[in-house]
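Peer 1: Any chance you can model this:
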Amino acid sequence: MNKMILTWATACLTISAQAQDAPVALKATLNKQTHFQQTIAPGHYSGITWLGNNEYAVVNDKARADGFFIFHINTDPDVGLISHAYSDEFRHADRPNRDMEGIAFFPKDTTIFIAGEADNQIMEYKLTTGKRTGRRLEIPDSLSHSAPNYGFESLSYNAATHLFWTVSESTLPIDGTPATPSDKKKNQLRLLSFDEGLQLSAQYFYEMDMPELKSKTADNYCLGVSDVCALDDGRLIVMERELYAPALKFGSFVVIKLYVVHPTADKRWTGGEKKPLEKTLLTEFKTQMTGLKTDFANYEGLCLGPKLSDGRQLLVLICDSQNQYKGKLKDWLKTIIIE
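Peer 2: Okay, here's the model as predicted:
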């Protein structure tokens, strides 16, 4: 009897320890999106990273040169709403635009890393000047080839885990073909982590949701991961984005889904069977262009922002308005509180 009690107690302690080790499930509160047409110039904003205080570095995939903008975004410390935002500086490398999509701040060296979709390279820049340092993430050649316009669009770095994270927007040729309106399937992606020596440290497989689009035709259509956000506890927030725009644009929509994954060492892919990471839906929302709603926002950038006064974490999102397309679209910003 005593032995049974001891065994039961040991089992309870083990379960308790496992429960303590397991990350707490996240909850999300969505704040309304807003824009500042008088203080932020029309753009193709595609990525964002927090620099501290109210400063952010932002990339524009159609900017006049390779580089990044400095944004100032003021948020309410209690509820996270954006009260004001403006952009006052562009720091560039005196090089041609390379379709800059993802951006991450590397505080250890006070530098910026930017993912370019045109060359599928992730290069380092000096924060103070925007000039290239000559360093880059060492992406294996086999992972640097993608379907047109479906390369590395995401990038995140976390100082607590000392890791960079990126993923191709859609399925790489070595893993298949991208999902399309006429070929509905789940995109199979590779989440890649890199250490502070800029070397590839692990690969994980990530499986997207099936497309929601009912039609088989579209004037413009995108389905993929537009950004990732690395958390201090090792988890990642993955932003799945589906954009549909018919020829006349009426009925256009964007569906954004934020999923949480936990890419631990035992789940990394080392060859053989490709098992996708388990993912948990954090939140989702839809923007559209209809007769009643004109909040269409193609969110492409996601990053951690400041913590609120009660300790909750703020996420900051930025959208690509296609230079405020024909005066119809806006450069929306949005915050989401996670706890």
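Peer 1: Residue 275 contacts residue 207, correct?
Peer 2: No. Here residue 275 lies out of contact with residue 207, judged by C-beta atoms under 8 Å, at a distance of 9.4 Å. Every residue, glycine included, has its C-beta placed from N, CA and C.
Peer 1: which one of those two has more residues nearby?
Peer 2: Ranked by neighbour count (other C-beta atoms under 10 Å), residue 275 and residue 207 place residue 207 first, with 15 against 11.
Peer 1: Now do the contacts for that one.
Peer 2: When contacts are counted by C-beta atoms under 8 Å, 6 or more residues apart in numbering, residue 207 touches 186, 187, 188, 189, 276, 277, 279.
Peer 1: Spatially nearest residue to it, not counting backbone neighbours?
Peer 2: Nearest non-adjacent residue to residue 207, counting by C-beta to C-beta, 6 or more residues apart in numbering: residue 276, 3.7 Å away.
Peer 1: thinking that neighbour is in contact with residue 205, fair?
Peer 2: Yes. Contact status for residue 276 versus residue 205: in contact at 4.8 Å, counting by C-beta under 8 Å.
Peer 1: Show me the common contact partners of those two, please.
Peer 2: residue 188.
Peer 1: mind listing what residue 186 touches?
Peer 2: Residue 186 makes contacts with 179, 207, 208, 209, 210, as judged by C-beta under 8 Å, 6+ apart.
Peer 1: Then residue 268?
Peer 2: Listed by C-beta under 8 Å, 6+ apart, the contact partners of residue 268 are 202, 203, 204.
Peer 1: any idea how far it is from residue 239?
Peer 2: Computed with C-beta to C-beta, to the nearest Å, the distance linking residue 268 and residue 239 is 22 Å.
Peer 1: now residue 304
Peer 2: 13 Å.
Peer 1: One more: residue 110?
Peer 2: According to C-beta to C-beta, residue 110 stands 26 Å off from residue 239.
Peer 1: between the two, who's got more neighbours?
Peer 2: Remark: of residue 110 and residue 239, residue 239 carries more neighbours, 23 against 11, as counted by other C-beta under 10 Å.
Peer 1: Contacts only, for the more buried one.
Peer 2: By C-beta under 8 Å, 6+ apart, the neighbours of residue 239 are 154, 225, 226, 227, 228, 229, 256, 257, 258, 299, 302.
Peer 1: Next step: those residues restricted to helices.
Peer 2: Assignment to helices by DSSP state H places none of these there.
Peer 1: Averaged pLDDT, stretch 164-179. What do you get?
Peer 2: If you average the pLDDT over stretch 164-179, you get 96.
Peer 1: measure it end to end?
Peer 2: Using C-alpha to C-alpha, to the nearest Å, the end-to-end distance of stretch 164-179 comes to 26 Å.
Peer 1: repeat for stretch 33-53
Peer 2: End-to-end for stretch 33-53, by C-alpha to C-alpha: 21 Å.
Peer 1: got any residues that touch both of residue 275 and residue 207?
Peer 2: With C-beta under 8 Å, 6+ apart, residue 275 and residue 207 have no common neighbours.
Peer 1: Helix or strand with the lowest mean pLDDT in this structure?
Peer 2: Ranked by mean pLDDT, DSSP states H and E, the helix or strand of the chain with the weakest confidence is helix 2-21, at a mean of 39.
Peer 1: so after it, what's the next helix or strand?
Peer 2: strand 28-30 (DSSP states H and E).
Peer 1: List the contacts of that following strand.
Peer 2: The contact list for strand 28-30 (C-beta under 8 Å, 6+ apart) reads 258, 282, 283, 285, 334, 336, 337, 338, 339.
Peer 1: I'd like to know which of the residues you listed is nearest to residue 167.
Peer 2: For the contacts of strand 28-30, the minimum distance to residue 167 (C-beta to C-beta) is 14.2 Å, reached by residue 258.
Peer 1: just checking, residue 177 touches residue 150?
Peer 2: No. Checked against C-beta under 8 Å, the pair residue 177 and residue 150 is beyond contact range at 10.1 Å.
Peer 1: Show me which of these two is the more surrounded one.
Peer 2: Taking other C-beta under 10 Å, residue 177 and residue 150 do not tie; residue 150 has more neighbours (21 against 14).
Peer 1: follow-up on the earlier one: who touches both of residue 177 and residue 150?
Peer 2: Residues touching both residue 177 and residue 150 (C-beta under 8 Å, 6+ apart): residue 171.
Peer 1: Report the distance from stretch 91-98 to the chain centre.
Peer 2: Computed by C-alpha atoms, centre = their mean, to the nearest Å, the chain-centroid distance of stretch 91-98 equals 22 Å.
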